[in-house]
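Enquirer: Sequence first, then the predicted structure:
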Amino acid sequence: MKLNEIQELIKFVAKSGVEEVELETKEIKIKIRSSSKGKTNGNGDYTMISPAVMSGPVSPVAHTPIVMPTLTNVAENGGAEKTPAVEKQNNASYVTIKSPMIGTFYRASEPGKPAFVNVGDELAAGKVICVIEAMKLFNEIEAEIKGRIVKVLVDDASPVEYDQPLFLVEPI
Amino acid sequence: MILFQPSLMQTLFIGQNHIELPFIASTNTYASELLQRENVMEGTIIYTLNQHLGRGQRGNNWESEPGKNLTFSIILKPAFLPVYKQFDLNKAISIAVVDFIQSQLEFSYSCKIKWPNDIYINDKKLGGILIENILKGNQITYSIVGIGLNINQENFHESVPNPISLKLHTGIQYDLKFLFQNLCSCIEKRYLSLRNNDSDYLNTNYLSFLYRYGFYSEYEYLGDRIIAKIIGVADQGKLILEKENGTLLSCDFKEIRFVI
């Protein structure tokens, strides 16, 4: 299956209003989930990007990451108390903190120590939120904004790429 | 006994400001906490004669007898260095430490950098370098350069793998004050050279100081014993090895172990 065929398929699914499509051929398995706007309940939901599920023998095409908007409910958000006007802007108002480098992501200064930050914690600019290590050089990453951690997007001790989202933060 | 004697210092900024601590587990940890609270002048040195537990990489500690070794942290502000080139700082500091040790040795070439951050004399470990950067966005705001070198210590705990001290190697008892100012001068020189963006010079020097550079030796790569030779270090710090059949390996430090 060619890349443009997959793109066409995504467009088609998005237009059709169907929520989920699974397609399996000899070489590839694709699952596309869509979030039609009409179904948003406006209850503090936000849109996050997640890679579509792909498996099967790997062809060059299969290396191309396909990202699809999916709808995820975040309980910590407490969006129910907010006015509709604020809810509408929720998607846009979250800020992702991205990795400035390739390396290994650590949530604590040393194994066994408490994490620098957890979901729900408030951040002030200058607070250390994680460590990224590359070739035994340790980088303490500081928050640049005041906000609250909504989600930690990467597991402790896993590799991260340049510009990969690490945290989702609600500015306050 | 004090380590720091202003009249001896011959540097412009490294060690011109200093903080002496009576007793501390790790000068790097102290520096990191200090930088959370306040701005610190570039070149500030935090040292103690009583560091009993140096911090190596995550959880790997090493021991040091009080008053016998050089253990300190330097605070730098390499804002000129892009995040992706941070291994260059490691190169510059490693070269500086080898410059310094070689100046104390009769056969200077016996001191080398064991990639990525150890200092060796022949096949034994003399010390190490631990660099911790503080990043704001895509900018390195501070680097904490921790240096630990075994100088006058003669006995090591059996759990320490293949240690050596300068004294064990040469038989000489050293004056730490004198060595300290000498090391600060070496570091300042190499740091200024890095700031002047002299990366070709830096790379050539780094490779010439690299332990096992250019000849076949034994390694453990992803669990397998292999024979390979180091042929270079990539920009982001990965070690490049060539196997006997010509295959090239680009290694993260977790993937490769020197068999010594």
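Expert: That came in fine, so what should we check first?
Enquirer: residue ranges with poor pLDDT in the chain?
Expert: Since you didn't name a chain, this refers to chain A. Along chain A, the parts satisfying pLDDT under 70 run over A:1-4, A:6, A:9, A:12-19, A:21, A:23, A:25-30, A:34-92.
Enquirer: Chain B was what I was after
Expert: Counting by pLDDT under 70, chain B contains low-confidence residues at B:1-2, B:50-63.
Enquirer: Can you show me the helices along it?
Expert: Taking DSSP state H as the test, the helices found in chain B are B:27-37, B:87-103, B:166-170, B:176-195, B:199-208.
Enquirer: Could you do chain A as well?
Expert: A:3-16, A:84-93.
Enquirer: picking that back up, would you turn the helices of chain B into CSV with distance to residue A:166?
Expert: For the C-beta atoms, the positions are set from N, CA and C on the backbone; glycine is no exception. Putting those into CSV (distance: least, CB to CB, whole Å) gives the following:
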stretch, distance to residue A:166
helix B:27-37, 20
helix B:87-103, 21
helix B:166-170, 42
helix B:176-195, 28
helix B:199-208, 29
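Enquirer: Alpha carbons of stretch A:124-131, in PDB - could you do that?
Expert: The C-alpha trace of stretch A:124-131 is given here as PDB (Å, rounded to 0.1, in the frame of the first residue of the first chain):
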ATOM      1  CA  ALA A 124       7.000  27.400  38.000                       C
ATOM      2  CA  ALA A 125       9.400  28.500  35.400                       C
ATOM      3  CA  GLY A 126      12.900  27.200  36.300                       C
ATOM      4  CA  LYS A 127      11.700  24.000  38.000                       C
ATOM      5  CA  VAL A 128      13.500  20.900  36.900                       C
ATOM      6  CA  ILE A 129      10.900  18.500  35.300                       C
ATOM      7  CA  CYS A 130      13.100  15.700  33.900                       C
ATOM      8  CA  VAL A 131      16.600  14.600  33.000                       C
END
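Enquirer: The residue of the stretch 151-260 of chain B found nearest chain A: neighbour count?
Expert: Going by CB to the nearest CB, chain A is nearest to residue B:237 of the stretch 151-260 of chain B, at 3.4 Å. Using other CB atoms under 10 Å in any protein chain shown, residue B:237 has 21 other residues around it.
Enquirer: what do you get for residue A:143?
Expert: Residues contacting residue A:143 under the criterion other CB under 10 Å number 22.
Enquirer: same question, residue A:114
Expert: Counted with other CB under 10 Å, the neighbours of residue A:114 add up to 9.
Enquirer: same check, this time on residue B:113
Expert: When neighbours are defined as other CB under 10 Å, residue B:113 has 26 of them.
Enquirer: in terms of contact, does it touch residue B:209 like I think?
Expert: Yes: the pair residue B:113 / residue B:209 is scored as a contact, 5.1 Å apart, by CB atoms under 8 Å.
Enquirer: shared neighbours, those two?
Expert: Contact criterion CB atoms under 8 Å, 6 or more residues apart in numbering or on different chains; residues shared by residue B:113 and residue B:209: B:94, B:95, B:98.
Enquirer: how close does the residue nearest to residue B:210 when sequence neighbours are not counted sit to residue B:96?
Expert: Excluding the flanking residues, the one nearest residue B:210 by CB to CB, 6 or more residues apart in numbering or on different chains is residue B:113, at 5.5 Å. Counting by CB to CB, to the nearest Å, the gap from residue B:113 to residue B:96 is 10 Å.
Enquirer: list the contacts for the closest residue to chain B within chain A?
Expert: Taking CB to the nearest CB, chain B has its nearest neighbour within chain A at residue A:135, 3.4 Å off. For residue A:135, the contacting residues are B:87, B:90, B:116, B:236, B:237, B:238, B:252, B:253, by CB under 8 Å, 6+ apart.
Enquirer: Please report phi then psi for the fourth one.
Expert: Which is residue B:236. According to degrees, to the nearest 10, the main-chain angles of residue B:236 amount to phi -90, psi 10.
Enquirer: interface residues of the stretch 101-250 of chain B facing chain A?
Expert: B:116-117, B:130-138, B:141, B:236-238 (CB under 8 Å from any CB of the partner chain).
Enquirer: Can you tell me which of those is nearest chain A?
Expert: For those, the nearest to chain A is residue B:237 (3.4 Å; CB to the nearest CB).
Enquirer: and residue B:216, what is it in contact with?
Expert: So residue B:216 contacts B:227, B:228, B:229, B:244 (CB under 8 Å, 6+ apart).
Enquirer: are any of these buried, and which?
Expert: B:228, B:229 (16 or more other CB atoms under 10 Å in any protein chain shown).
Enquirer: possible to save the contacts of residue B:216 as CSV with distance to residue B:179?
Expert: Putting the contacts of residue B:216 into CSV (distance: CB to CB, whole Å) gives the following:
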residue, distance to residue B:179
B:227, 38
B:228, 36
B:229, 33
B:244, 41
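Enquirer: can you map out the strands along the stretch 1-150 of chain B?
Expert: Using DSSP state E, counting those that start in this stretch, the strands of the stretch 1-150 of chain B run over B:18-20, B:45-47, B:53-55, B:61-63, B:70-76, B:111-114, B:118-121, B:124-136, B:139-149.
Enquirer: Residues of chain A that sit close to chain B?
Expert: Contact residues (CB under 8 Å from any CB) of chain A with chain B: A:100-102, A:106, A:110-112, A:126, A:128, A:133-142, A:144, A:162.
Enquirer: Please work out how many residues are found near residue B:77.
Expert: For residue B:77, using other CB under 10 Å, the count is 16.
Enquirer: Surely it touches residue B:39?
Expert: No: judged on CB under 8 Å, residue B:77 makes no contact with residue B:39 at a distance of 9.7 Å.
Enquirer: just to revisit the earlier point, next, format the strands of the stretch 1-150 of chain B as a markdown table and append distance to residue B:193.
Expert: Shown next, in a markdown table, are the strands of the stretch 1-150 of chain B (distance: least, CB to CB, whole Å):
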| stretch | distance to residue B:193 |
| --- | --- |
| strand B:18-20 | 23 |
| strand B:45-47 | 20 |
| strand B:53-55 | 27 |
| strand B:61-63 | 29 |
| strand B:70-76 | 14 |
| strand B:111-114 | 16 |
| strand B:118-121 | 19 |
| strand B:124-136 | 17 |
| strand B:139-149 | 15 |
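Enquirer: So which of those strands has the densest surroundings on average?
Expert: Highest mean neighbour count of those: strand B:70-76, a mean of 26 (counted as mean count of other CB atoms under 10 Å in any protein chain shown).
Enquirer: so what strands line up beside that strand?
Expert: strand B:45-47 (antiparallel), strand B:139-149 (antiparallel) (DSSP bridges).
Enquirer: okay, those strands in JSON lines with distance to residue B:123 next?
Expert: Formatted as JSON lines, the strands paired with strand B:70-76 follow (distance: least, CB to CB, whole Å):
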{"stretch": "strand B:45-47", "distance to residue B:123": "29"}
{"stretch": "strand B:139-149", "distance to residue B:123": "17"}
